[in-house]
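Asks: can you look at this prediction? I've put the sequence above it.
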Amino acid sequence: MKRLVLSLVVLSCLAVAAGYGAAFLPGPSRSWAPWCLAIGTPGMLLSLMALGALRRGRLPGALGWTFAATFLWCAAAFAVSLALPAREGPGGPLLLGLPLRAAIVVYGVGLVPVLILPFVWALAFESLTLGEEDLRRVREAREAREAREAREAREAREAREALEARSAAGREAPESRGGAPD
(Lines give C-alpha, C1' and ligand atoms only; values in the text may rest on other atoms or scores of the structure.)
Protein backbone atom coordinates (compact mmCIF):
# COMPACT_ATOMS: atom_id res chain seq x y z
CA MET A 1 0.00 0.00 0.00
CA LYS A 2 2.84 2.40 0.82
CA ARG A 3 4.34 1.88 -2.65
CA LEU A 4 0.95 2.65 -4.24
CA VAL A 5 0.49 5.82 -2.20
CA LEU A 6 4.04 6.98 -2.98
CA SER A 7 3.39 6.31 -6.67
CA LEU A 8 0.24 8.45 -6.48
CA VAL A 9 2.21 11.25 -4.83
CA VAL A 10 4.82 11.14 -7.62
CA LEU A 11 2.23 10.94 -10.41
CA SER A 12 0.26 13.84 -8.94
CA CYS A 13 3.40 15.96 -8.61
CA LEU A 14 4.30 15.16 -12.21
CA ALA A 15 0.81 16.20 -13.35
CA VAL A 16 1.10 19.52 -11.50
CA ALA A 17 4.61 20.04 -12.87
CA ALA A 18 3.37 19.37 -16.41
CA GLY A 19 0.54 21.88 -15.94
CA TYR A 20 2.90 24.58 -14.73
CA GLY A 21 5.61 23.60 -17.21
CA ALA A 22 3.21 24.10 -20.10
CA ALA A 23 3.27 27.84 -19.38
CA PHE A 24 6.92 27.91 -20.46
CA LEU A 25 6.35 26.21 -23.80
CA PRO A 26 6.48 28.47 -26.85
CA GLY A 27 3.29 29.24 -28.68
CA PRO A 28 -0.29 29.46 -27.48
CA SER A 29 -1.38 28.09 -24.13
CA ARG A 30 -2.01 24.38 -23.96
CA SER A 31 -5.60 23.29 -23.37
CA TRP A 32 -4.47 20.23 -21.40
CA ALA A 33 -2.45 22.20 -18.81
CA PRO A 34 -5.36 23.25 -16.55
CA TRP A 35 -6.65 19.68 -16.60
CA CYS A 36 -3.29 18.45 -15.32
CA LEU A 37 -3.61 20.91 -12.46
CA ALA A 38 -7.26 19.99 -11.85
CA ILE A 39 -6.34 16.33 -11.39
CA GLY A 40 -2.83 16.70 -9.96
CA THR A 41 -3.59 19.16 -7.19
CA PRO A 42 -6.25 17.14 -5.33
CA GLY A 43 -4.28 13.99 -6.13
CA MET A 44 -1.19 15.40 -4.49
CA LEU A 45 -3.03 16.70 -1.43
CA LEU A 46 -5.00 13.54 -0.76
CA SER A 47 -2.17 11.11 -1.52
CA LEU A 48 0.00 13.03 0.96
CA MET A 49 -2.82 12.73 3.49
CA ALA A 50 -2.97 9.00 2.82
CA LEU A 51 0.80 8.72 3.19
CA GLY A 52 0.59 10.40 6.58
CA ALA A 53 -2.27 8.16 7.70
CA LEU A 54 -0.55 4.87 6.81
CA ARG A 55 -0.06 2.56 9.78
CA ARG A 56 2.07 -0.53 9.32
CA GLY A 57 1.78 -0.18 5.56
CA ARG A 58 -2.01 0.16 5.31
CA LEU A 59 -4.74 2.73 5.74
CA PRO A 60 -6.86 2.12 8.82
CA GLY A 61 -10.63 2.04 8.80
CA ALA A 62 -12.52 3.84 6.10
CA LEU A 63 -9.82 6.43 5.47
CA GLY A 64 -8.84 4.92 2.12
CA TRP A 65 -12.38 5.21 0.81
CA THR A 66 -12.74 8.67 2.28
CA PHE A 67 -9.53 9.90 0.65
CA ALA A 68 -10.53 8.38 -2.70
CA ALA A 69 -14.02 9.91 -2.51
CA THR A 70 -12.62 13.30 -1.50
CA PHE A 71 -10.17 13.17 -4.41
CA LEU A 72 -13.00 12.37 -6.82
CA TRP A 73 -15.14 15.17 -5.36
CA CYS A 74 -12.39 17.80 -5.58
CA ALA A 75 -11.22 16.71 -9.02
CA ALA A 76 -14.84 16.77 -10.22
CA ALA A 77 -15.32 20.29 -8.81
CA PHE A 78 -12.21 21.49 -10.65
CA ALA A 79 -13.28 19.68 -13.83
CA VAL A 80 -16.81 21.13 -13.76
CA SER A 81 -15.47 24.63 -13.23
CA LEU A 82 -13.10 24.14 -16.18
CA ALA A 83 -15.78 22.65 -18.43
CA LEU A 84 -18.39 25.35 -17.82
CA PRO A 85 -18.37 28.25 -20.28
CA ALA A 86 -16.80 31.47 -19.04
CA ARG A 87 -19.77 33.74 -18.32
CA GLU A 88 -18.39 35.83 -15.48
CA GLY A 89 -19.11 39.52 -15.50
CA PRO A 90 -22.20 41.67 -15.14
CA GLY A 91 -25.33 39.57 -15.40
CA GLY A 92 -23.43 36.29 -15.09
CA PRO A 93 -24.84 33.50 -12.94
CA LEU A 94 -24.08 33.67 -9.21
CA LEU A 95 -24.12 30.91 -6.63
CA LEU A 96 -24.28 32.08 -3.01
CA GLY A 97 -22.85 35.44 -4.03
CA LEU A 98 -19.97 34.18 -6.15
CA PRO A 99 -19.63 33.68 -9.90
CA LEU A 100 -20.68 30.13 -10.70
CA ARG A 101 -17.26 28.68 -11.54
CA ALA A 102 -15.58 30.34 -8.56
CA ALA A 103 -18.37 29.14 -6.25
CA ILE A 104 -17.90 25.56 -7.42
CA VAL A 105 -14.20 25.71 -6.58
CA VAL A 106 -14.58 27.59 -3.28
CA TYR A 107 -17.45 25.52 -1.95
CA GLY A 108 -16.64 22.22 -3.63
CA VAL A 109 -12.89 22.13 -3.02
CA GLY A 110 -12.64 24.35 0.03
CA LEU A 111 -15.75 23.89 2.11
CA VAL A 112 -17.01 20.34 1.58
CA PRO A 113 -13.71 18.57 2.48
CA VAL A 114 -13.33 20.81 5.53
CA LEU A 115 -16.75 19.65 6.72
CA ILE A 116 -16.28 15.93 5.95
CA LEU A 117 -12.65 15.03 6.66
CA PRO A 118 -12.61 16.00 10.37
CA PHE A 119 -15.63 13.77 11.06
CA VAL A 120 -14.06 10.80 9.32
CA TRP A 121 -10.80 11.43 11.13
CA ALA A 122 -12.66 11.52 14.46
CA LEU A 123 -14.41 8.24 13.65
CA ALA A 124 -11.09 6.60 12.72
CA PHE A 125 -9.19 8.13 15.66
CA GLU A 126 -9.42 5.07 17.89
CA SER A 127 -7.81 2.84 15.27
CA LEU A 128 -5.10 5.45 14.60
CA THR A 129 -3.91 5.93 18.18
CA LEU A 130 -1.49 3.67 19.99
CA GLY A 131 -3.06 0.73 21.79
CA GLU A 132 -1.76 -1.03 24.89
CA GLU A 133 0.35 -3.42 22.81
CA ASP A 134 1.88 -0.50 20.89
CA LEU A 135 2.64 1.36 24.12
CA ARG A 136 4.28 -1.76 25.58
CA ARG A 137 6.53 -2.06 22.50
CA VAL A 138 7.46 1.64 22.74
CA ARG A 139 8.35 1.26 26.42
CA GLU A 140 10.43 -1.86 25.73
CA ALA A 141 12.26 -0.09 22.92
CA ARG A 142 12.98 2.88 25.21
CA GLU A 143 14.24 0.62 28.00
CA ALA A 144 16.45 -1.31 25.58
CA ARG A 145 17.89 1.95 24.22
CA GLU A 146 18.57 3.29 27.71
CA ALA A 147 20.24 0.00 28.75
CA ARG A 148 22.38 0.06 25.58
CA GLU A 149 23.41 3.67 26.17
CA ALA A 150 24.26 2.94 29.83
CA ARG A 151 26.31 -0.11 28.79
CA GLU A 152 28.16 1.89 26.13
CA ALA A 153 28.87 4.71 28.61
CA ARG A 154 30.14 2.20 31.20
CA GLU A 155 32.36 0.47 28.62
CA ALA A 156 33.75 3.82 27.44
CA ARG A 157 34.46 4.87 31.05
CA GLU A 158 36.17 1.52 31.80
CA ALA A 159 38.26 1.77 28.62
CA ARG A 160 39.28 5.34 29.52
CA GLU A 161 40.19 4.29 33.08
CA ALA A 162 42.21 1.31 31.78
CA LEU A 163 44.05 3.57 29.35
CA GLU A 164 44.78 6.07 32.12
CA ALA A 165 46.02 3.25 34.39
CA ARG A 166 48.35 1.92 31.67
CA SER A 167 49.60 5.42 30.99
CA ALA A 168 50.24 6.01 34.70
CA ALA A 169 51.95 2.60 35.01
CA GLY A 170 54.20 3.49 32.06
CA ARG A 171 55.29 6.74 33.74
CA GLU A 172 55.98 4.98 37.07
CA ALA A 173 57.86 2.03 35.61
CA PRO A 174 61.33 3.66 35.30
CA GLU A 175 61.19 4.97 38.88
CA SER A 176 60.25 1.55 40.28
CA ARG A 177 63.40 0.03 38.70
CA GLY A 178 65.54 2.62 40.38
CA GLY A 179 66.27 4.66 37.29
CA ALA A 180 65.71 8.33 36.78
CA PRO A 181 62.84 9.44 34.62
CA ASP A 182 63.75 10.85 31.21
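Replies: Received it, and whenever you're ready, just let me know what you need.
Asks: now the helices: where do they sit in the protein?
Replies: 2-21, 33-53, 63-83, 100-105, 112-128, 132-176 (DSSP state H).
Asks: quick one: buried residues of the first one?
Replies: It stands for helix 2-21. Using 16 or more other C-beta atoms under 10 Å as the test for burial, helix 2-21 gives 5, 8-9, 12, 15-16, 18-19. In this view, the C-beta of every residue, glycine as well, is placed from N, C-alpha and C.
Asks: for it, which helices and strands make contact with it?
Replies: Of the remaining helices and strands, those touching helix 2-21 by 3 or more C-beta pairs under 8 Å, 6 or more residues apart in numbering; DSSP states H and E are helix 33-53.
Asks: who's in contact with the helix it packs on?
Replies: Contacts of helix 33-53 with the rest of the structure, by C-beta atoms under 8 Å, 6 or more residues apart in numbering, involve 2, 5-6, 8-9, 11-20, 22-23, 59-60, 63-64, 67-68, 70-71, 74-75, 78-79, 82, 109, 128.
Asks: tell me which helix or strand in the chain has the weakest average pLDDT.
Replies: Least confident helix or strand of the chain, by mean pLDDT, DSSP states H and E, is helix 112-128 with a mean of 77.
Asks: which parts of it are buried?
Replies: 113, 117, 120, 124.
Asks: endpoints of stretch 108-117, how far apart?
Replies: In stretch 108-117, first residue to last residue: 13 Å (C-alpha to C-alpha, to the nearest Å).
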